[in-house]
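> here is a sequence together with a model predicted from it:
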Amino acid sequence: MTKTKINPDLQEERDKIAFNIEEFTNWYYKGAEKVEEKRFLEDFFLSDQELMDKVPISYLSHKEKYEQAIRKVVLVVKKIQELQAQGRASVDIYMALLGGTLGTALFNESNPITVHFVMFLPALMNHGTSDQQALWISRAWNCNIIGTYAQTELGHGTYIRGLETTATYDPATKEFVLNSPTLTSYKWWPGGMGHTANYAIVIAQLYSLGKHHGIQPFIVQLRDEETHKPMPGIKIGEIGNKVGMNTVNNGFLAFDNVRIPLNHMLMKNAKVLEDGQFIKPKSSVLTYGTMMFVRVVILKDMASYLSKAVTIALRYSLVRRQSPIEPNKPEPKIIEHVTQQFKIFPAVAKVVVFKITAEFLWDMYNAVTHDLDKGDLERLPELHALSCCLKAVCTNEAAQAVETCRLACGGHGYLNAAGFQDIYGMVTAAQTYEGENTVMFLQTARYLIKAWNQAMNNEKLTPTVAYLENYVNGKNSKQPFENSTRGILRAFQFAAAKKIAEGNQQLEKRKKTLSPEEAANQTGLVLTKASELHCQAFLLQAAIEVLEESAKNVSPQLGAVFKDLLELYSVDLALRYTGFLLEFSNMTSKDIQSLQETLEASLKKLRYNALGICEGFDHPDGILNSVLGTHDGNVYENLINAAMKSPLNQEDVNKSFHEHLKPFMKSNL
């Protein structure tokens, strides 16, 4: 194979990187063995010609995209089974293929059976009894059945208690009867439900012996296992084209007196006995376990998607020359413009911070899940609150950063071939699925208000809100501002505490004349900001703890890069939130000027190492899928080659000229 010539501008940049890229990669992916496994998987899947798109997916019809995705997903599962036979399959493989970078490289608009593995199977494990797990998990794991998770409805999404689908227990037949009593009760949005899945875990309002028992999970067969035809009483289909993720096959579902056996209610937590008696779960939050798992996965995905966007934007910025800085000198690489650095470098730092926080949340999720199995629910509300606000902040910031990266590539970034459209479709979708972000902030705020009152009463706080103890009962009425990473952290924790206190004060005042619910509604603006500040403080704290410790255990060169990333992340954060820091600390205009100077100095420090970080994310061309971000840097050749793949360029004259345009032009003579 002929080796591609590297663009000399890009090679020049690589020669200036001051640290060992492989060392960073090994740190980022938690060890050389993990990196080796990652690269093996990428080569194993991306080198398979059967998984390559003959025609860029953007030129296919909606129907063709779905059919192509199904063809590919079958090949992928078979290849996973091949790895299993070799003893190489692991949970990490499924995680890589269902999201992140490898999965989105193989399925540009997402995998149609992602929900099967990310929600259907976890729901069986979280909500099914040991007998139910024995009955269903093996079949689902081996893809003998394909499942989805049917919760959201036409009329209700994030507000789960408002769901309208009903499951009424009939003691005479020992069955539940499922119904969709209204148009708005149609299930709407579940991935894979349109034409792919033949089973679903359905979240419905349970009624038994004339009493309502809230939402509960039920496993329901949607389609015949042989013919794939909808089962009697089931109306099902796909919801149509979307902004992105068009191979997910999102569907709608309605029930007309659909009967399922008693043991098809998942009863690990709540139970219905044969006589119709209802046994309550230990905690209502247990019902939401699957959603918490997905929010943890979302955080990992945001780091992965954004890492692709910054790599594309930075590589392009290092070979694109335009707009002389000095009139009598040649056009520079656009990265020489400080404004261009500011578009990209803070986003590079966010990738690292989001990855660090995702790993923290993943470890916390596993620890809490382990505690749940032992009946310990103490940290479940804390996990719920943290996963809510992190999901909101990180998806919002990832969406903004991906769009900024696209804009940093000028007009070429607008092309599908640039690769940003698919990335943007993924991150913006995450802003709304598994909880609309404003509602996520409000969920966290409820926990923060409770924690604030616990702190006021000198009660012990859980670790992620323990900082509130420093600011109750008039402590530190005005926080001095210090331009350092830990100084900025203290300022954010103080601002978060004061905003939580403000929310609590407004709630109590409004409760004197309003219901608690309306008081919370009227205080919503303060509460959402309190959650946002708390989350930003947590992200910064996690970054400080991990990057400062990591700097001690790597080479001095890489350690310096960690410090530079941390500095840029913290000062950029402070400058974006100056309004709150001015309100709650002794920050002055001189402090803001100092932060600006530190920001500019940070950009200079990262000028030649940012590429090393992005290349340390270790994305081969098959993962990036971008004409602007290829390893060789040959942007213009790539743009021409991509243009020639257009179906319109396969012929010199399109038939529409003779059928429409030519007669029209001649008629005007």
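Noted; the coordinates are in hand. In this text the structure is predicted, and so the values were computed from the model without any measurement.

> quick one: residues contacting residue 446.
Each residue near residue 446 by CB atoms under 8 Å, 6 or more residues apart in numbering is listed here: 385, 520. C-beta here means a position set from N, CA and C on the backbone, and glycine is covered the same way.

> with residue 308 instead?
Contacts of residue 308 by CB under 8 Å, 6+ apart are 101, 104, 419, 423, 617, 619, 623, 624, 626, 629.

> looking at these, which is nearest residue 361?
Among the contacts of residue 308, residue 101 lies closest to residue 361 (CB to CB), at 19.0 Å.

> tell me, how many residues neighbour the closest one?
Neighbourhood size, residue 101 [other CB atoms under 10 Å]: 24.

> just checking, it touches residue 306?
No. In this structure residue 101 lies outside contact range of residue 306 using CB atoms under 8 Å: 10.8 Å.

> shared neighbours, the two?
With contacts defined as CB under 8 Å, 6+ apart, no residue is shared by residue 101 and residue 306.

> longest helix of the chain, counting residues only.
The longest helix of the chain (DSSP state H) is helix 338-373.

> would you mark the buried spots in it?
Neighbour-count burial for helix 338-373, counted by 16 or more other CB atoms under 10 Å, picks out 340-362, 364-365, 368-369, 372.

> do the same with stretch 79-98
Buried residues in stretch 79-98, counted by 16+ other CB under 10 Å: 79, 80, 93, 94, 95, 96, 97, 98.

> now those in CSV, with secondary structure and pLDDT?
CSV is the format used below for those (DSSP: H, G, I helix; E, B strand; the rest coil; pLDDT from 0 to 100):
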residue, secondary structure, pLDDT
79, helix, 91
80, helix, 88
93, helix, 76
94, helix, 74
95, helix, 73
96, helix, 74
97, helix, 78
98, helix, 73
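
> of all pairs in those residues, which one is the farthest apart?
Taking CB to CB, the two most distant members of these are 79 and 95; they sit 15.6 Å apart.

> who are the packing partners of the lowest-mean-pLDDT helix or strand in the chain?
One helix or strand of the chain scores below all others by mean pLDDT, DSSP states H and E: helix 91-98, with a mean of 74. The contact analysis (3 or more CB pairs under 8 Å, 6 or more residues apart in numbering; DSSP states H and E) places helix 91-98 against helix 32-46, helix 62-85, helix 102-106.

> what's that helix in contact with?
With CB under 8 Å, 6+ apart as the test, helix 91-98 has contacts from 34, 37-38, 41, 45, 76, 80, 83, 102-103, 106, 111, 114, 117-118, 297, 300.

> any of the residues you listed buried? List them.
37-38, 41, 45, 76, 80, 102-103, 106, 111, 114, 117-118, 297, 300.

> which stretches in the protein count as strands?
With DSSP state E as the criterion, the chain has strands at 147-150, 166-170, 175-179, 187-188, 199-208, 211-221, 234-238, 251-255, 258-261, 271-272, 278-279.

> any low-confidence regions in the stretch 301-450 of the chain?
Under the criterion pLDDT under 70, no range of the stretch 301-450 of the chain is flagged.

> same check, this time on the chain
Low-confidence segments of the chain (pLDDT under 70): 1-3, 99, 283-290, 474-479.

> pull the contacting residues for the nearest residue to residue 502 once chain neighbours are set aside.
Leaving aside its chain neighbours, residue 502 sits nearest to residue 526 (5.6 Å; criterion: CB to CB, 6 or more residues apart in numbering). Residues near residue 526 by CB under 8 Å, 6+ apart: 499, 502, 503, 506.

> same check on residue 609?
17, 18, 19, 561, 564.

> make it 7 Å
Contacts of residue 609 were listed using CB atoms under 7 Å, 6 or more residues apart in numbering, and they are 17, 18, 19, 561.

> in TSV: the residues you listed, plus neighbour count and distance to residue 611.
Listed next are those as TSV, based on neighbours: other CB atoms under 10 Å; distance: CB to CB, whole Å:
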residue	neighbour count	distance to residue 611
17	19	6
18	11	11
19	20	11
561	27	12
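
> tell me the one among the residues you listed nearest to residue 637.
Closest approach between those and residue 637, by CB to CB: residue 17, at 24.4 Å.

> my read: that closest one touches residue 611, true?
Yes. Counting by CB atoms under 7 Å, residue 17 touches residue 611, with 6.2 Å between them.

> return the most buried member of the strands of the chain.
For these, average neighbour numbers computed from mean count of other CB atoms under 10 Å are highest in strand 147-150, which has a mean of 30.

> packing partners of it?
Here strand 147-150 touches strand 199-208, going by 3 or more CB pairs under 7 Å, 6 or more residues apart in numbering; DSSP states H and E.

> quick one: the strand it packs on to strand 211-221, angle?
Here strand 199-208 runs at 160 degrees with respect to strand 211-221, directions being taken by axes from the mean of the first three to the mean of the last three CA atoms, to 10 degrees.

> name the nearest residue to residue 216, ignoring sequence neighbours.
Distance criterion CB to CB, 6+ apart; nearest residue to residue 216, sequence neighbours excluded, is residue 206 at 4.4 Å.

> contacts only, for the one you found.
By CB under 7 Å, 6+ apart, the residues touching residue 206 are 167, 213, 214, 216.

> the closest residue to the third one other than its chain neighbours bridge partners, please.
So the one you mean is residue 214. Spatially, and ignoring its direct neighbours in sequence, residue 214 is nearest to residue 206 (6.6 Å; CB to CB, 6+ apart). Assessed by DSSP bridges, residue 206 has beta-bridge partners residue 167.

> relative to residue 280, how far out is residue 206?
Residue 206 is 11 Å from residue 280, where distance means CB to CB, to the nearest Å.

> do the same with residue 93
39 Å.

> can I get the strands of the chain in JSON lines including distance to residue 595?
Output for the strands of the chain, formatted as JSON lines (distance: least, CB to CB, whole Å):
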{"stretch": "strand 147-150", "distance to residue 595": "44"}
{"stretch": "strand 166-170", "distance to residue 595": "56"}
{"stretch": "strand 175-179", "distance to residue 595": "57"}
{"stretch": "strand 187-188", "distance to residue 595": "46"}
{"stretch": "strand 199-208", "distance to residue 595": "47"}
{"stretch": "strand 211-221", "distance to residue 595": "47"}
{"stretch": "strand 234-238", "distance to residue 595": "50"}
{"stretch": "strand 251-255", "distance to residue 595": "49"}
{"stretch": "strand 258-261", "distance to residue 595": "60"}
{"stretch": "strand 271-272", "distance to residue 595": "57"}
{"stretch": "strand 278-279", "distance to residue 595": "57"}
